[in-house]
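1. just need the structure, nothing else, for what follows:
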Amino acid sequence: MPISAVLWDIDDTLFDYTGADTAGLAAHLADEGLEARYGSPAEALALWRRLTERHWDRFAAGRVTFREQRRDRVRDFLERPDMSAPETDDWFDRYVAHYQAAWTLCPDAVPALDALADGYRHGVLSNSSLANQDPKLRRLGLRERFEVLVCAAELGVSKPAAEAFLKACAALGLPPGEVAYVGDQPEIDARGARDAGLTAVWLDRRGDAGPGPEGVHRIDGLGRLPALLAADTRFGARSGIR
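-> Purely as a prediction, here's the structure:
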């Protein structure tokens with residue numbers, strides 16, 4: 001079956017999440033008078049990322065709600081386990097204001113979407129929530145490019161679970177064999193999509209992440225994607241294709 005649709009990851013695929021998170025957290029810590037507490041902006045960001053992953057895993061396992069994982073992340077980051085829910089929400093909202101001020105698209109996002117606009121249908125599968133990703137895509141001018149926006153918080157299941165990818169395909173009304181998935185995470189995105197029967201495309205912009213999963217396409221920029229999809233070489237593809 002030929003590929004007729006592309007499902008996209010958002011953060012660090014279309015949207016420069018790392019850049020916005022770095023700038024937003026640094027500005028927030030400066031406003032809160034916490035610049036020196038974590039040693040350096042890089043060390044603060046590394047801790048924030050570790051806690052984000054830890055608490056997201058709890059959410060993905062169904063142990064906490066989406067909002068609870070955010071609150072617990074803030075409590076751990078500030079080492080304030082007794083912080084009230086309203087206090088954590090306010091702190092997180094102040095961080096989000098700085099984060100949103102730094103929003104920008106990855107430079108290759110719009111050219112790739114333009115190149116693929118006429119030949120493929122498009123949708124999004126994100127390990128976030130509609131409340132986060134719908135406004136983000138609208139502000140960045142991309143929302144109308146996607147037929148469907150499917151997010152883990154509403155699905156009740158997150159990548160890399162096959163069910164998440166299959167539900168996103170169902171939202172498009174297509175079997176997984178007709179859908180390609182493009183994301184920047186080799187395990188969560190590429191391996192998960194591959195295991196669910198989609199054509200998996202791993203966006204490895206830095207090129208230093210090791211060999212990656214077998215049986216996925218690997219590209220170093222979205223500019224490579226149109227030719228890859230047009231070549232229709234998804235069967236027997238190896239990790240390492242550029």
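
2. all the helices of this structure, residue numbers only.
-> All helices of the chain, identified by DSSP state H, fall at 17-32, 41-60, 66-78, 85-101, 109-116, 130-139, 152-155, 162-172, 192-195, 225-231.

3. single out the most deeply packed of those helices.
-> helix 192-195 (a mean of 24; mean count of other C-beta atoms under 10 Å). For every residue, glycine as well, the C-beta is placed using N, CA and C.

4. which other residues reach that one?
-> Contacts to helix 192-195, defined as C-beta atoms under 8 Å, 6 or more residues apart in numbering, come from residues 7, 159-162, 164-165, 181, 183, 199-201, 213, 215-216.

5. kindly recompute the last result at 7 Å.
-> Here helix 192-195 makes contact (C-beta atoms under 7 Å, 6 or more residues apart in numbering) with 159-160, 162, 165, 181, 200, 213, 215-216.

6. for stretch 138-145, same thing?
-> 14-15, 103, 105, 113, 122, 134, 137.

7. please redo it, this time with the cut-off set to 10 Å
-> Stretch 138-145 has contacts (C-beta atoms under 10 Å, 6 or more residues apart in numbering) with 8, 10, 14-16, 100, 103-105, 109-110, 113-114, 116-117, 122-124, 133-137, 149.

8. wait, which of the helices of the chain is closest to D208?
-> Proximity to D208 (C-beta to C-beta) singles out helix 17-32 among the helices of the chain, at 14.4 Å.

9. could you check the angle helix 66-78 makes with that closest one?
-> Angle, helix 17-32 to helix 66-78, by axes from the mean of the first three to the mean of the last three C-alpha atoms, to 10 degrees: 60 degrees.

10. which residues touch the residue lying closest to G207 once chain neighbours are set aside?
-> Once flanking residues are discounted, G207 sits nearest to D220: 5.6 Å by C-beta to C-beta, 6 or more residues apart in numbering. For D220, the contact set (C-beta under 10 Å, 6+ apart) comprises 202-207, 242.

11. which of those residues count as buried?
-> The neighbour count (16 or more other C-beta atoms under 10 Å) marks 202-204 as buried among the contacts of D220.

12. need the pLDDT of G240.
-> For G240, the pLDDT comes out at 36.

13. wait, P160 touches L198, no?
-> No - under the criterion of C-beta atoms under 10 Å, P160 is not in contact with L198, lying 11.5 Å apart.

14. these two: which has the busier surroundings?
-> L198 (31 against 20; other C-beta atoms under 10 Å).

15. mind checking how far that one is from D118?
-> Distance, L198 to D118, using C-beta to C-beta, to the nearest Å: 21 Å.

16. again with F59
-> In terms of C-beta to C-beta, F59 sits 38 Å off from D118.

17. next: L225.
-> Noted for L225: a distance of 14 Å to D118, by C-beta to C-beta.

18. go on, R70?
-> Taken as C-beta to C-beta, the span from R70 to D118 is 39 Å.

19. pLDDT below threshold where in the chain?
-> Residue ranges of the chain with pLDDT under 70: 209, 232-242.

20. show me how it divides into domains.
-> Annotated domains of the chain cover 5-16+104-231, 17-101 [automatic domain parsing].

21. excluding its backbone neighbours, what's nearest R75?
-> In space, R75 is closest to M83, 5.0 Å off (C-beta to C-beta, 6+ apart).
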